[in-house]
Structure formats: structure tokens, C-alpha cells
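[1] no FASTA, just this:
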Ligand SMILES: O=C(O)C1=C[C@@H](OP(=O)(O)O)[C@@H](O)[C@H](O)C1
Ligand SMILES: C=C(OP(=O)(O)O)C(=O)O
């Protein structure tokens, strides 16, 4: 299904309830499967969380996680440590191109029995659960932080806990800090010093209820809409000033693009304020890779030159996000250059109309480009992709006064 979007008002006003963070939800579901005394509220309604929840309940021999990267990585570690269980973990065609070798190698160091069923280094995997009794592992840290979080999440269930040595420059670091924080909230002791993470074994954890904060990556699309609008006041719930999510950085980033954030009783209020357009916008996004598409599209819409670095992980996500951004912005008249890990956009003078944005099975392509409809009507292909992280997105846009027309 394609959608046609337009926005005819001068003001962007309204309230949106954003679902729980999928990163927090997916971590807590794994921890809850290991330690049932954990209960969770405000769980994400995203496809990626549902798929993980279903996999943890499944008794089937084959589990298909579709496009859900965190689910694939977290479940590999989970099932590898589940003595007596044997599963095949598979996913979409794209999932079968997303590397998992670093994690499999680390789990094998601990004694795991994992076999590649097609291509060496990629899903599908056959995982035969075993009691993992070694307590130290070294893992390459510059490809995906999800491998490290996967190990951290099973660590407290191993008899002696786990020491994880990180090799190389750590990427997407706030996600590792999020794992550590959530372990701590559940009563599990851990520390992260220099290049070493230590997680203690957990016995007799007290019951705990963890409330998932709403998803800052999803909030980023409303920041983009506010930046592109003339006047905006959007209230988003439920957020905390002291969040565990690295993408909370969006508030500071968009302040430079004329969007102010106020925290008020568990909500954030975004307001468009007068601002001096910078000559260019430069950012290293190694800590917040999921914000790259949002920011690139906002800068294009504002006619700003933009240089984004630290983007090496974008090539192995739902699609090659650097190439996808370049393809679609070029169709709209943008002048874009990309390297292995960076994105460069020249200041543009307008937005070419009459083109359809392809989304490459990537929710963030649809979500990011939808924001441009504040300025000009947009057509987005395969609009249902948003459900990977944000199933209610199109309805939320309608509530804010956008016209969202389906074209099957
Ligand atoms: O741990 C997580 O929840 C995530 C980590 C990041 O991946 P990488 O560490 O692969 O960059 C991020 O892009 C992804 O959306 C969610
Ligand atoms: C990269 C993402 O997710 P995952 O790696 O979990 O598929 C994302 O949601 O942007």
C-alpha cells in the first residue's frame, strides 16, 4: 500500500501517545524470560517486539524473526544458553544478509553449539542450547552493539556471570549503557569500565515492575515535522528527562534547528521557535545511528548543507540506509555524496514534486520522508513498513491534521 500525504494548515498542533521503546522492551522481554519475577509495563506494540515475544513463547522448532535485528541477535544468545532446546532461527531475505558472525564466534568461545545453515556468518542458524559454563569472552565492538547487549542479557543467567572484553572502537555505545541500566533496575550487578563489561550472576532477584519509557527514535519524526513547519506545538508522551535511550539526543540536536523541548509531567512539548539557520550542519552519529535518516531529511527540507559521520553501521541495517537516502533524496532534487560511513548533502533550493519515495523494507525510510509532507505533498511506497517500530504512525499523522490517502 502506498500513501499520499499532505498538510494544508499553517500550524502543527496536537498530542501523540508514542509506544514504548522497542530497544528497552526487547531487552526486558529476554530478561523476563530468564527471570520471571520481572514484570513490564508500556511494552512496545512494534512488530519487532511482538515477534520477539512470540518467539519466547514458541515451542516450534523454527522461529522466523522477519526483519527484527535485535530479536535475531538476542534470541541467538538466549537459545544458545537454554539447555535442552534446539531451534532454527531464521528471518527475511534481508535478515539473511545481516552479519551475525561476531556474536556466534563469541558464543562459541563460551561453548555454544551453533551452525550456519546457509551462508557462513549469516542467519539462518541452528542453535542447540547448552549450559554455558565459561565466564570470559572477547567480542569485536565496532560492527553492532547488539552482539554485546545479547551477551550482557544472558550473562546474569550463567553460573559465574560474564566478563566481556570489547575489542576495537565501540559503536552505538548508548545501547550498551541501556542494557547495563536495565540489568541494574532488575537488581543485577554489573559494570562497564574501559573496554571491559562485567555482569554478575543473579540469584534470588526480588520482584520488580519496569515501566518502559516511550520511544525517542519514534519521537524524532515529530521533531523533524516541527523543524519543517512554520508553527508547531506537539505534545508527546511518555518521556523522561533522564532517559536510558541514546536517541534522547534528538532534543539537543533539534534545538539547533529551531525546535525547543519542554518536559512537563511525563510528556515532552515540542515548540517551533525562531532560529538562525546555521551555514551547515555537522554531526557524528556513531552513538545515534537511528537518527541519521530523520536528520538528513530535515536538513534537505530546510535547504541546509549537512555532513553526517559515524555512519558505518547504516550499511547493514534494514537496508543499506546510506544508499537508500542518496537514491531518494536525489529523486527529490538533492545533491548527495556518500562514503562507507558518511553522508554529505549540499544546500538545496527546493523539493522536486511528482516523485514516489521507495522505502526498501525500511520503516525509517517511510517515517523520515513522511515529515517532508509538512512542506509539500509526498507519496510514500509500501507505507505498512512503519509497523516494524511504529504501527500507529499514519493514524497519528491524521490526528495532527495531515491528509493520509491510501493507494493500493
Ligand atoms: O540494541 C538495540 O536495541 C539497537 C542498537 C542499534 O544497532 P547497532 O548497534 O547495530 O548500531 C540500533 O541501530 C538498533 O535500532 C537498536
Ligand atoms: C536498526 C534497527 O533495528 P534492528 O537492527 O533491530 O533491526 C532500527 O530499528 O532502526
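    Nice, I can see it. In this text, all values refer to a predicted model and were calculated from it rather than measured experimentally. Ligands and ions are numbered 1, 2, ... in the order given.
[2] Could you double-check that residue 280 lies in contact with residue 305?
    Yes: with contact defined as C-beta atoms under 8 Å, residue 280 counts as touching residue 305 (3.8 Å). C-beta here means a position set from N, CA and C on the backbone, and glycine is covered the same way.
[3] what residues are shared contacts of the two?
    Residues touching both residue 280 and residue 305 by C-beta atoms under 8 Å, 6 or more residues apart in numbering: residue 347.
[4] Residue ranges of each domain in the protein, please.
    With domains defined by automatic domain parsing, the chain comprises 2-18+214-407, 22-211.
[5] out of these, which comes closest to ligand 2?
    When the domains of the chain are compared by C-beta to the nearest ligand atom, domain 22-211 sits nearest ligand 2, at 2.6 Å.
[6] Quick check: phi and psi at residue 360.
    phi 60, psi 40 (degrees, to the nearest 10).
[7] Am I right that it is in contact with residue 317?
    No: using C-beta under 8 Å, residue 360 is not in contact with residue 317; the gap is 10.2 Å.
[8] Turn the domains of the chain into CSV, including distance to ligand 2.
    Shown next, in CSV, are the domains of the chain (distance: least, C-beta to the nearest ligand atom, whole Å):
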stretch, distance to ligand 2
domain 2-18+214-407, 4
domain 22-211, 3
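[9] got the ones you listed as a markdown table, with mean neighbour count columns?
    Shown next, in a markdown table, are the domains of the chain (neighbours: other C-beta atoms under 10 Å):
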| stretch | mean neighbour count |
| --- | --- |
| domain 2-18+214-407 | 19 |
| domain 22-211 | 19 |
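[10] Show me which residues of the stretch 151-300 of the chain sit near ligand 1.
    171-172, 175, 289-290 (C-beta under 6 Å from any ligand atom).
[11] Nearest to residue 252 among those residues?
    Proximity of these to residue 252 was ranked by C-beta to C-beta; the top entry is residue 290 with 15.6 Å.
[12] Quick check: chain neighbours aside, which residue is closest to that closest one?
    Nearest residue to residue 290 in three dimensions, chain neighbours excluded: residue 217, at 4.6 Å (C-beta to C-beta, 6 or more residues apart in numbering).
[13] per-residue confidence at the nearest residue to residue 128 once chain neighbours are set aside?
    Take residue 128 and drop its neighbours on the chain: the residue closest to it by C-beta to C-beta, 6+ apart is residue 113, 4.1 Å away. Looking at residue 113, its pLDDT is 98.
[14] Dihedrals phi and psi, residue 113?
    phi -110, psi 100.
[15] As a check, name the ranges of all helices in the stretch 251-400 of the chain.
    Along the stretch 251-400 of the chain, counting by DSSP state H, counting those that start in this stretch, helices occupy 292-302, 321-331, 363-370, 393-399.
[16] what residues are up against the residue nearest the centre of the chain?
    By C-alpha atoms, centre = their mean, the chain has its centre lying nearest to residue 290, at 5.5 Å. Residues counted as contacts of residue 290 (C-beta under 8 Å, 6+ apart) are 217, 220, 247, 364.
[17] Need those residues in TSV (columns: pLDDT).
    Supplementary listing: these in TSV, determined by pLDDT from 0 to 100:
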residue	pLDDT
217	98
220	99
247	98
364	98
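[18] which ones among those residues are found in helices?
    217, 220, 364 (DSSP state H).
[19] Take the residues you listed and lay them out in TSV including distance to residue 132.
    Below are the ones in helices among the contacts of residue 290 laid out as TSV (distance: C-beta to C-beta, whole Å):
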residue	distance to residue 132
217	32
220	37
364	34
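[20] Which single residue of the stretch 251-400 of the chain ends up nearest ligand 1?
    Closest point on the stretch 251-400 of the chain to ligand 1, by C-beta to the nearest ligand atom, is residue 313, at 3.9 Å.
[21] separation between that residue and residue 329?
    20 Å (C-beta to C-beta, to the nearest Å).
[22] Then residue 177?
    Taking C-beta to C-beta, one finds residue 177 at 32 Å from residue 329.
[23] just for the stretch 301-408 of the chain, where's the confidence low?
    407-408 (pLDDT under 70).
[24] And for the chain?
    407-408.
[25] re the thing from before, thought the residue nearest to residue 128 was touching residue 79?
    No: counting by C-beta under 8 Å, residue 113 sits too far from residue 79 to count as a contact (10.3 Å).
[26] any residues in contact with both of the two?
    Counting by C-beta under 8 Å, 6+ apart, the residues touching both residue 113 and residue 79 are 127, 129.
[27] Now that residue 295 has come up, it's in contact with residue 307, right?
    No: counting by C-beta under 8 Å, residue 295 sits too far from residue 307 to count as a contact (10.9 Å).
[28] any shared contact partners between the two?
    281, 283.
[29] where do the helices sit along the stretch 1-150 of the chain?
    22-34, 47-57, 69-80, 101-109, 145-154.
[30] Please say whether there is contact between the fourth one and ligand 1.
    No: for helix 101-109, no contact with ligand 1 is found by C-beta under 6 Å from any ligand atom; the gap never falls below 10.6 Å.
[31] what does the third one give?
    Yes: Helix 69-80 reaches ligand 1 (C-beta under 6 Å from any ligand atom) through residue 70.
[32] Okay, angle between that helix and helix 101-109 too, please.
    Relative orientation of helix 69-80 versus helix 101-109 (axes from the mean of the first three to the mean of the last three C-alpha atoms, to 10 degrees): 10 degrees.
[33] May I ask you to confirm that residue 64 is in contact with residue 93?
    No: in this structure, residue 64 is not within contact of residue 93 by C-beta under 8 Å, at 11.7 Å.
[34] which residues sit in contact with residue 9?
    residue 401.
[35] how far away is it from residue 402?
    9 Å.
[36] what do you get for residue 231?
    Distance from residue 231 to residue 402, by C-beta to C-beta: 15 Å.
[37] hang on, the earlier thing: could I get the contacting residues of the residue nearest to residue 290?
    Per C-beta under 8 Å, 6+ apart, neighbours of residue 217: 21, 245, 247, 290-291, 389.
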